[in-house]
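Colleague: take a look and give me a structure for this.
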Amino acid sequence: MIHRCAAVVLLFAAVYSFEYEELKQYVDSHEGDYIKALREWVAIESDSSDATKRGELHQMMEVVGEKLRKLGGKVELVDIGTQQLPDGETLPLPKVVTAEFVDDGGNKSTVCVYGHVDVQPAKKEDGWSTDPYNLTDINGNLYGRGASDNKAPVLAWIHAVEAYKALNMELPVNVKFLIEGMEETGSNGLDAMVESKKDSFFSDVDYIIISDCGWLSRRPALTYGTRGNCYFFAEVEGPKQDLHSGVYGGTVIEPMTDLIGILDSLISPSGKILVPGIREAVAHFSDEEWRMYHDIQFDVDSYRAKIGVDRLMYNNKVELLAHRWRHPTVSIHGIEGAFSAPGTKTVIPAKVIGKFSIRQVPDMEPATVEKQVTEYLQSVFAKRKSPNKLKVKMVIGAKPWLADTKRALYEAGKAAVKRVFNVDPDLIREGGTIPVARTLEDVTHKEIIMLPIGGFDDGLHSQNEKMSRFNYIEGTKLFISYLHEVSQIKKN
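Modeller: Down below sits the predicted model:
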């Protein structure tokens, strides 16, 4: 019996190897079509932060829905309500696209692929070498806004399903898509939509895959964690109106001076967070995790040179990665109400708002962080004995996300990477925040993996964002291989 089972396994592996070669050849022969599709998607200025581009955002969702519909998917464009702008105007939110490729009556596993097709703002005059909305191929790199974040990965998943369909091969697992258009501005309306669909669309989903992330180096990676984000406004208010520094300077206690003082109390020059209780809440850094970080492919000097600084906080690879991924950080982002235009304006602002964030990690809770920060800043402010008023408000409280890399979902990822790239992947975390991961996990209680194909140098959110041809095409093969590997996981 044992020999017979082994023979069946070997036969199945041989059959899949043959199928994979066919699928791989199909992908290679359609590279031009895939680039054309990406060019068409990049040309749609789906900037979710710009209300004047809302029409293009709606168009983008329609294009996604139509592409999935042409593949034979059961497609729905889900209305998620409206958005109120700061000026009081109300706009309809872009619909969320769901699609289902389910044909087995419940015997196969079902994966749900999450992605987004909205983008960050981009203008040629911001420093782009090319038109950001005209995909430009230079030395094997495809430059355009949204090319890597997240249009090419979404398309690669669609191409993976398309390849099976074109070759009349049965999908090894059922595949569902959840594609949104407001990720770059906070995924407005998505949490409620996910909650409303947990007993319908998500009821038969076994695993969730997110490819809205990138590799750390030239070695492929699997991502198993992200930091959360507690974003604060600290408002200091003093005089009833802005004042002239020549007339009032030296006679009033200035709100800006108070604000700079309390912002300076958040973090030391060496990067130590000074808010009591923050560092003490961080999960223990185990020996096993240290060894994992030690084996990751990462060059500190190249990282420093790419940023363009003379010195980093840490020169040791493990320490640097740990503080990028699994330790909290404080970043001060800006001051609202201050004079920031070119020139010299001798104004004393009556009210200023400092904006800063704390990227939190396990085992930090946003509500606890809010209390710690508020109490600490109020105590620092009280010591200044200022007549001005301080208000502290947390406006974002996104939780961190962490997965178990020993689970079968990650073993499948390792096998898929090995098949396509012939290397073992790095297991990495993201320093940023992907709130949808925690939302999907908390609402659906399904396992999640982040399976990136973006390059380490893609320039997400920056000028000259790109996706390499190599990552786009080989990434499509990776997704094809991954669907097979997930089909080998025994259903509960």
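Colleague: name the helix or strand of this protein that has the lowest mean pLDDT.
Modeller: Least confident helix or strand of the chain, by mean pLDDT, DSSP states H and E, is helix 2-29 with a mean of 69.
Colleague: helix, strand, or coil at Gly397?
Modeller: strand (DSSP: H, G, I helix; E, B strand; the rest coil).
Colleague: how about it, nearest residue that isn't a chain neighbour?
Modeller: Distances taken as Cβ to Cβ, 6 or more residues apart in numbering put Pro366 closest to Gly397, at 3.4 Å, once the chain neighbours are dropped. Placement of C-beta: from N, CA and C, glycine included.
Colleague: give me every residue that touches the one you found.
Modeller: Applying Cβ atoms under 8 Å, 6 or more residues apart in numbering to Pro366 gives the contacts Gly228, Cys230, Gln360, Met394, Gly397, Ala398, Lys399.
Colleague: repeat that for Asn150.
Modeller: Counting by Cβ under 8 Å, 6+ apart, Asn150 makes contact with Gly115, His116, Val117, Glu183, Ser211, Asp212.
Colleague: cool, and Glu485?
Modeller: Neighbours of Glu485 in contact, by Cβ under 8 Å, 6+ apart: Ala412, Gly413, Ala415, Ala416.
Colleague: give me that answer again for 6 Å
Modeller: Ala412, Ala415, Ala416 (Cβ atoms under 6 Å, 6 or more residues apart in numbering).
Colleague: narrow the residues you listed to those in helices?
Modeller: Among the contacts of Glu485, the members found in helices (DSSP state H) are Ala412, Ala415, Ala416.
Colleague: coming back round to it: after the least confident helix or strand of the chain, which helix or strand is next?
Modeller: Downstream of helix 2-29, the first helix or strand assigned by DSSP states H and E is helix 31-42.
Colleague: buried set for that next one?
Modeller: Within helix 31-42, the residues that count as buried by 16 or more other Cβ atoms under 10 Å are Tyr34, Ile35, Ala37, Leu38, Arg39, Trp41, Val42.
Colleague: for that helix, packing partners?
Modeller: Applying 3 or more Cβ pairs under 6 Å, 6 or more residues apart in numbering; DSSP states H and E, we find helix 31-42 packed against helix 152-166.
Colleague: quick one: the helix or strand following the helix it packs on to helix 152-166, angle?
Modeller: Reading on from helix 152-166 to the C-terminus, the next helix or strand found by DSSP H and E is strand 174-180. Angle between the axes of strand 174-180 and helix 152-166 is 150 degrees (criterion: axes from the mean of the first three to the mean of the last three Cα atoms, to 10 degrees).
Colleague: packing partners for the helix or strand just after strand 174-180?
Modeller: Using DSSP H and E, the helix or strand that follows strand 174-180 in sequence is helix 190-196. Identification of packing neighbours for helix 190-196 by 3+ Cβ pairs under 6 Å, 6+ apart yields helix 435-444.
Colleague: one more pass at 10 Å, please.
Modeller: The elements that helix 190-196 packs onto, with contact taken as 3 or more Cβ pairs under 10 Å, 6 or more residues apart in numbering; DSSP states H and E, are strand 74-78, strand 96-101, strand 110-116, strand 174-180, helix 435-444.
Colleague: in the helix or strand following the first one, what counts as buried?
Modeller: With elements assigned by DSSP H and E, the helix or strand that comes after strand 74-78 is strand 82-84. Of all the residues in strand 82-84, those buried under the rule 16+ other Cβ under 10 Å are Gln83.
Colleague: outline the domain layout of the chain.
Modeller: Here the domain assignment for the chain is 9-226+401-487, 229-283+326-398, based on automatic domain parsing.
Colleague: tell me which of those sits most buried.
Modeller: domain 9-226+401-487 (a mean of 19; mean count of other Cβ atoms under 10 Å).
Colleague: could you find the closest non-adjacent residue to Phe479?
Modeller: Here the residue nearest Phe479, using Cβ to Cβ, 6+ apart, is Ala160, at 4.0 Å.
Colleague: now do the one you found against Glu184, distance only.
Modeller: Distance of Ala160 to Glu184, given as Cβ to Cβ, to the nearest Å: 24 Å.
Colleague: report the contact partners of the residue nearest to Met169 when sequence neighbours are not counted.
Modeller: Nearest residue to Met169 in three dimensions, chain neighbours excluded: Glu19, at 6.1 Å (Cβ to Cβ, 6+ apart). By Cβ atoms under 10 Å, 6 or more residues apart in numbering, the contact set of Glu19 is Tyr164, Leu167, Met169, Glu170, Pro172, Ile480, His484.
Colleague: equivalent analysis for His323, please.
Modeller: Gly271, Leu312, Met313, Tyr314, Thr329, Gly431.
Colleague: my guess is the third one meets Glu319, correct?
Modeller: Yes - counting by Cβ atoms under 10 Å, Met313 touches Glu319, with 8.4 Å between them.
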